[in-house]
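*Asks:* only the shape, not the letters, is given here:
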């Protein structure tokens, strides 16, 4: 009994060694990776945009866009991916994000001689650079360059508009705005978030921009006092119902009084190809009379 | 004797003073005598209900802690040991995830209350044997259910990617920021009822601590008294959880702090623990919203951070009194 068990163990061990060696060989023998795993939804979106989705063999369970991403093999969550699931897919490149994936996980993969790339960007202005970096790594430089240039152009358009508006008015008084991530408990977008950057890009003053954390639990009293002109509410399950109670309590704030509360999509929560659509969406709401 | 009268006057005055301080202090200081438009609104529709809810919740926790330590004859008993808060959190989390909204903003507190009551009844059933409630059985049933419900809650949280779970976390860390006026009468009814029952039965509680035989010879029916007191603790805890989630420390340690000052006669201890709990939670909430404006900290964390050192200081200075 014990002998057969020992034999089985040795066979399993041998198989592991062989598969590890196989992955080593594929990693070193070719330049462009053939089996890519993405551990973050924004990276998955970028890979699809670069047209390398046929080589994408695994994604996190949070990768839900585009639709085809849902069909890919899942390797676990965003903050808790499964090491076994990743290794079992024999990847020759694993893409991770600095902003959410555990650092120890990347170190572990590297110690097993699996090639990794950690995307560092947190700001929209860093996004083009990250896309170029991914493009170079997966062998899709041209497409990455085109996507990066497109994003840079759209960003610059907004910056130019903002400069013009600033030069136009004598004393530019910025509109005060608040972006609510979740109404109960009240969590808002603070400094260092993509959302905050988007608001600044549009020439708005984020009233929670001077807090010390990215997603602070905010004081209702302070919203009443700072009286934002516009309130954006991010996407969430049954959000309008949840937000109702909060808005009722804020009914003296100009944004609520003047009907300038807008429900927006979750584009800004992901630093990827769709982030600028989120900025466009905010801009479109602001243009409304 | 004169000394104790001074102490009791102090304990009665403290929540009243803290309540008025709480109206002035916050992210911005408000002078309640000359408020402008915005300040008036902050004062009446945000701070006042919030402070009242904090006091009610603290009172419920303090009183139920004192009663529970008595009926279980255990200095480590606190309202949460009965698993009531875990049951409430689980019901609230399930409601949040299912998107339940049949009572508007009251839905989740209502579900939490139902979860708390259901858990209390389950603990009661399991603690019941041979026509009465048994302290050890109640404790063990509570601990067992508490583990089960916490594990179920963690299981849901670890397999779900639902954003609404942020709200479920609120029940675990305790939060008073969304307190509104409609919560006040509802809280008041349960807290007043629970504390009155405990007060009327305080003499019986004193007798219970002496042991069932002695209580019996003093003319109390230990089984009946324990049941009545257990129901009042269950209601108090259920009401407190639905008012603001789980706030630790108060139920466990405020009764002990009060024992240092006024002794362990439950006729004094129960009301004083209620007042002390109310004062402590209210001041903790003031601190939680004032130290890092406009960011708010969870009140439960502040309660333990200011309460524990004070408790430890008293522990070194005074003789420990038994329940």
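*Replies:* Nice, I can see it. Fair warning: this is a prediction, and the values are worked out from it, not measured in the lab.

*Asks:* the residue of the stretch 151-300 of chain B found nearest chain A: how many residues sit nearby?
*Replies:* Using CB to the nearest CB, the single residue of the stretch 151-300 of chain B nearest to chain A is residue B:294, 3.7 Å away. Glycine gets a C-beta too; all of them are placed from N, C-alpha and C. Residues lying near residue B:294 (other CB atoms under 10 Å in any protein chain shown) number 23.

*Asks:* likewise for residue B:74?
*Replies:* The local packing of residue B:74 (other CB under 10 Å) involves 16 other residues.

*Asks:* relative to chain A, how far out is it?
*Replies:* According to CB to the nearest CB, to the nearest Å, residue B:74 stands 34 Å off from chain A.

*Asks:* find the nearest non-adjacent residue to that residue, please.
*Replies:* Counting by CB to CB, 6 or more residues apart in numbering or on different chains, residue B:139 is the residue found nearest to residue B:74 once chain neighbours are left out, at 6.6 Å.

*Asks:* helices or strands up against the helix or strand where that neighbour lies?
*Replies:* Per DSSP states H and E: residue B:139 is located in helix B:135-159. In terms of contacts (3 or more CB pairs under 8 Å, 6 or more residues apart in numbering or on different chains; DSSP states H and E), helix B:135-159 is packed against helix B:48-72, helix B:84-98, helix B:107-127, helix B:165-173.

*Asks:* what stretches of the stretch 101-250 of chain A score poorly on pLDDT?
*Replies:* With pLDDT under 70 as the threshold, the stretch 101-250 of chain A has low-confidence stretches at A:167-172, A:237.

*Asks:* kindly apply the preceding question to the stretch 1-150 of chain B instead.
*Replies:* When the per-residue scores of the stretch 1-150 of chain B are filtered using pLDDT under 70, the ranges that remain are B:1-2, B:104-105.

*Asks:* run the last query once more with 90
*Replies:* B:1-5, B:23-47, B:71-113, B:116-117, B:127-136, B:150 (pLDDT under 90).

*Asks:* which residues of it lie near chain A?
*Replies:* Listed as neighbours of chain A in the stretch 1-150 of chain B under the rule CB under 8 Å from any CB of the partner chain: B:26-28, B:38, B:41-42, B:45-47, B:99, B:101, B:104-105.

*Asks:* list the buried residues in stretch A:213-231.
*Replies:* Of the residues in stretch A:213-231, those buried under the neighbour-count criterion (16 or more other CB atoms under 10 Å in any protein chain shown) are A:215-231.

*Asks:* end to end on it, go ahead and measure it.
*Replies:* Counting by CA to CA, to the nearest Å, you get 19 Å between the two ends of stretch A:213-231.

*Asks:* that one vs chain B: in contact?
*Replies:* Yes - using CB under 8 Å from any CB, a contact is recorded between stretch A:213-231 and chain B, made by A:213, A:216-222, A:224-225, A:227.

*Asks:* quick check, nearest of these to residue B:133?
*Replies:* Proximity of the residues of stretch A:213-231 next to chain B to residue B:133 was ranked by CB to CB; the top entry is residue A:217 with 40.2 Å.

*Asks:* beta partners of that closest one?
*Replies:* In this structure, residue A:217 has the following beta-bridge partners (DSSP bridges): residue A:187.

*Asks:* ok, it - contacts?
*Replies:* Going by CB atoms under 8 Å, 6 or more residues apart in numbering or on different chains, residue A:217 touches A:185-187, B:177, B:295-298.

*Asks:* would you mind finding the most buried of the helices and strands packed on helix B:135-159?
*Replies:* helix B:48-72 (a mean of 29; mean count of other CB atoms under 10 Å in any protein chain shown).

*Asks:* neighbours of the residue in the stretch 1-150 of chain A positioned nearest to chain B, how many?
*Replies:* Using CB to the nearest CB, residue A:62 is the residue of the stretch 1-150 of chain A that sits closest to chain B, at 6.3 Å. The number of residues packed around residue A:62, counting by other CB under 10 Å, is 20.
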